[in-house]
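Student: My questions concern the predicted model and sequence given below.
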Amino acid sequence: MAKAQQRSQLPKFTSMAVLIDGENVDRQKVEAILARLGQLGTIATKRVYGDWSQDKLKLWSDVVSMCALRTMHHFVHSTQKNTTDIAMVIDAMDLLHTGNYDAFAIVSSDGDFSNLAVRIRNEGKYVVGVGQRKTNYNFVSICDLFINQDKLASSVDTANPMRLKNMVESLNSKIAEKDKSIKAQAVKMKEKNKAMTDLRKELSTVKKELRTAAGGTKKLESQLAKLQKNNESLKKKVEVAKARLTAKTTKKFIDLLLNAISGEEIGENKYPLDIIGKKIREENPTFRPSDYGFPTLSKLICSVPGVEMQTEQNRLVFSFSDKEKTLNCN
């Protein structure tokens, strides 16, 4: 007892390590706990332990940031709840062996830290325990000083008007920023809606133009089909007229030819081309083979049905294979 009294009379600590069991402490009490420990001396290290992948510890983010805590992550690989405890014990031993700390604060209501408290005290270091009223008496009695966290104010303290005012102002600021962001998004949505409306109008106009163009195209196709039909009819008429003209022209030349060969036979059904040509020109001075569509008289005569051209004694002569047939064609 004398030793405990003597240790309780130690001056303020120059370097304290605070180890917090994140799974066994009310996060709303942490700020008040650190403030109380700060009255005992300088806090050099502040660590909080837990499996930070768990949803229940995600609520600690504000506390960790506000209190400048170092989070020590350890996955829980089994249903046993001693993973965090073991991590805290290992870290406490590592920090103890550095010799840089003259006091350790174990923030937990778990009585399993009793042996750790004994080990630290055996090294001549001061041990402060922080936990709930229900904390195991063995752990409480081993600590040089035990602080009942139930008597400390929560971080949300309505008895502190200034603190409450600051929290309200902070919340209002966040609400204002959120409202500003929502308004900005609303403006963007309005602009997008306007752009969509303009696009719909433009599409509607394009559709009308396409329908009009389609109607015009259909009309043009109908007119083209009609023109093509008329063109075919015209072609047939031209061919008929051409055939009639050709027949008329052929008849006219056959008349000239028959008149010219009269009395000019030089053999059985044979006529000299040069004599016949001369005779045709004498009787018809304006005669030209080209008027009948042929470059020479010989080719023109060969076009007459039943006429055959041949050379005899270096002279072109022609004959009728069937003179009666030629006369009938005429």
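Tutor: Happy to help now that I have it.

Student: Break this structure into its domains for me.
Tutor: 2-157, 246-329 (automatic domain parsing).

Student: Out of the ones you listed, which is closest to residue 168?
Tutor: In terms of C-beta to C-beta, the element of the domains of the chain nearest to residue 168 is domain 2-157, at 11.4 Å. Heads up, the C-betas are built off the backbone N, CA and C, glycines and all.

Student: centre of the chain versus the closest one, how much separation?
Tutor: Offset of domain 2-157 from its chain centre (C-alpha atoms, centre = their mean, to the nearest Å): 53 Å.

Student: ditto for stretch 229-241
Tutor: 60 Å.

Student: What residues of that stretch count as buried?
Tutor: For stretch 229-241, a neighbour-count test (16 or more other C-beta atoms under 10 Å) marks nothing as buried.

Student: what about it, average pLDDT?
Tutor: In this model, stretch 229-241 has a mean pLDDT of 74.

Student: how about stretch 126-143: buried residues?
Tutor: Buried residues in stretch 126-143, counting neighbours by 16+ other C-beta under 10 Å, are found at 126, 127, 128, 129, 130, 131, 135, 139, 140, 142, 143.

Student: Can you name the residues that contact the third one?
Tutor: Contact partners of residue 128, counting by C-beta atoms under 8 Å, 6 or more residues apart in numbering, are 16, 37, 40, 103, 104, 105, 106, 143, 144, 145, 146, 147.

Student: tell me which of those residues is nearest to residue 66?
Tutor: residue 37 (15.6 Å).

Student: Test my guess that the closest one contacts residue 19.
Tutor: No: between residue 37 and residue 19 no contact is recorded; they are 11.3 Å apart, counting by C-beta atoms under 8 Å.

Student: In TSV, list the domains of the chain along with mean pLDDT.
Tutor: Supplementary listing: the domains of the chain in TSV, determined by pLDDT from 0 to 100:
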stretch	mean pLDDT
domain 2-157	85
domain 246-329	83
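
Student: now these in a markdown table, with distance to residue 176?
Tutor: What follows is those, written out as a markdown table (distance: least, C-beta to C-beta, whole Å):
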| stretch | distance to residue 176 |
| --- | --- |
| domain 2-157 | 19 |
| domain 246-329 | 101 |
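
Student: for those domains, which one ends up most surrounded?
Tutor: Most buried of the domains of the chain, by mean neighbour count (mean count of other C-beta atoms under 10 Å): domain 2-157, with a mean of 17.
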